[in-house]
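J.: No sequence on hand, only this structure:
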């Protein structure tokens, strides 16, 4: 029993850390996210998460949504709209991940002897999120800054702000790439990346106007310009440019500023991704090209069963959208 809870907590911690890389879409379009053995899809005013159980049956959860800009006027403006959309996406992603974890836990309970453990609690999810945020700050803010500071003590050119932040950013990117490559070696994470690919294919299928079905979705690519993987890479590039403008030189001041500026960097990065995604085929699209290359790790070719799960999630979101009076329907 105890080992099952520890395993489930560890699984949640890994998936929570990957949430930003797996999240996709923006406020006015369909988008989604891979979860444990399933996919969450959302429309402007609804979402649906579908998870495949080990016996092949599907578990589903859906609910209506309100866009952040409809609840608070400030989220209609540039930068702020990114914060609102990303905040809602992360909240929805955590909710969907918790649902998928509970489905997985129920399946494990069915094969385990003894009393059934309780579902994943709100406290467990909150603890996972807190640890993930701490891990993110330590790995992508503290470690690169510490290494670059140490290098600057022995290599004089790094004492110049531009060179310092360039090296700091390159170290951050190297750590991110190494983390993705390492975690992709795990079978369960590889399956999540397959569901991530399924989500992208189905979104492309929907946006094409063709009938949304497995045979059609199979032909579309797994790389999507609005993917969270692309977003994270843009965040790192913009961070390098912004940090170079700061007047701070001490380690503590630099570290504090990196944490304080996270909301601004996220909001600006959202605008860059949004701008580039709407200008496919132009020079601006090259802004997200490195992120598309990186998606060769975070998205993998899905099976037809995984595509079917993604289609079911989109169908559930669209059906609820239509019941609420929305105009978006599956072609």
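T.: Nice, I can see it. Only a predicted model underlies this, so the values are computations on that prediction, with no experimental measurement involved.

J.: quick one, helices of the stretch 1-150 of the chain?
T.: Taking DSSP state H, counting those that start in this stretch as the test, the helices found in the stretch 1-150 of the chain are 2-22, 68-71, 80-111, 122-137, 143-152.

J.: Go through the ones you listed and pick out the most buried.
T.: For the helices of the stretch 1-150 of the chain, the largest average neighbour count (mean count of other Cβ atoms under 10 Å) is found in helix 80-111, namely a mean of 20. C-beta: built from backbone N, CA, C; applies to glycine.

J.: okay, the angle between it and helix 122-137?
T.: Going by axes from the mean of the first three to the mean of the last three Cα atoms, to 10 degrees, helix 80-111 is angled at 120 degrees with respect to helix 122-137.

J.: For helix 80-111, which helices and strands make contact with it?
T.: helix 2-22, strand 31-35, strand 38-43, strand 46-52, strand 58-64, helix 68-71, helix 122-137, helix 262-277 (3 or more Cβ pairs under 8 Å, 6 or more residues apart in numbering; DSSP states H and E).

J.: Within the sheet, what are the partner strands of the fifth one, with directions?
T.: When you say that, I think you mean strand 58-64. Paired neighbours of strand 58-64 in the sheet (DSSP bridges): strand 46-52 (antiparallel).

J.: Without its sequence neighbours, what residue ends up closest to residue 151?
T.: residue 158 (5.5 Å; Cβ to Cβ, 6 or more residues apart in numbering).

J.: ok so, going back, out of the helices and strands packed on helix 80-111, the one nearest residue 83 is which?
T.: With Cβ to Cβ as the measure, helix 262-277 is the member of the helices and strands packed on helix 80-111 nearest residue 83 (4.9 Å).

J.: Now do the buried residues in the closest one.
T.: For helix 262-277, burial by neighbour count (16 or more other Cβ atoms under 10 Å) applies to 262, 265, 266, 267, 268, 269, 270, 272, 273, 274, 276, 277.

J.: What is that helix packed up against?
T.: helix 80-111, helix 228-243.

J.: Just put these in CSV and tack on distance to residue 71 and mean pLDDT.
T.: Formatted as CSV, the helices and strands packed on helix 262-277 follow (distance: least, Cβ to Cβ, whole Å; pLDDT from 0 to 100):
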stretch, distance to residue 71, mean pLDDT
helix 80-111, 8, 85
helix 228-243, 22, 85
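
J.: what's the spacing between stretch 242-258 and its chain's center?
T.: Distance of stretch 242-258 from its chain centroid, counting by Cα atoms, centre = their mean, to the nearest Å, is 27 Å.

J.: do the same with stretch 151-166
T.: For stretch 151-166, the distance to the chain centre is 32 Å (Cα atoms, centre = their mean).

J.: cool, stretch 71-87 as well?
T.: 18 Å.

J.: Rounded mean pLDDT for the host helix or strand of residue 259, please.
T.: For residue 259, the host element (DSSP states H and E) is helix 251-260. Helix 251-260 comes out with an average pLDDT of 94.

J.: And for stretch 61-76?
T.: 89.

J.: Return the set of buried residues in it.
T.: Neighbour-count burial for stretch 61-76, counted by 16+ other Cβ under 10 Å, picks out 61, 62, 65, 67, 68, 69, 75.

J.: from memory the third one sits against residue 47, does it?
T.: Read that as residue 65. Yes: judged on Cβ atoms under 8 Å, residue 65 makes contact with residue 47 at a distance of 5.7 Å.

J.: ok so, going back, how about the buried residues of helix 262-277 in TSV, adding distance to residue 311?
T.: Converted to TSV, the buried residues of helix 262-277 look like this (distance: Cβ to Cβ, whole Å):
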residue	distance to residue 311
262	35
265	35
266	31
267	33
268	34
269	30
270	27
272	30
273	25
274	26
276	27
277	22
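
J.: which one of those residues sits closest to residue 242?
T.: residue 265 (6.3 Å).

J.: least reliable of the helices and strands packed on helix 80-111 going by mean pLDDT?
T.: It's helix 2-22: among those, that one has the lowest mean pLDDT, namely a mean of 63.

J.: ok, back up a step: between the helices of the stretch 1-150 of the chain, which one is closest to residue 318.
T.: The closest of the helices of the stretch 1-150 of the chain to residue 318 is helix 80-111. By Cβ to Cβ, the value is 16.2 Å.

J.: tell me the angle of that closest one relative to strand 31-35?
T.: With the same axes, to 10 degrees applied, the angle from helix 80-111 to strand 31-35 works out at 30 degrees.

J.: Any idea how far helix 80-111 is from the middle of the chain?
T.: 11 Å.
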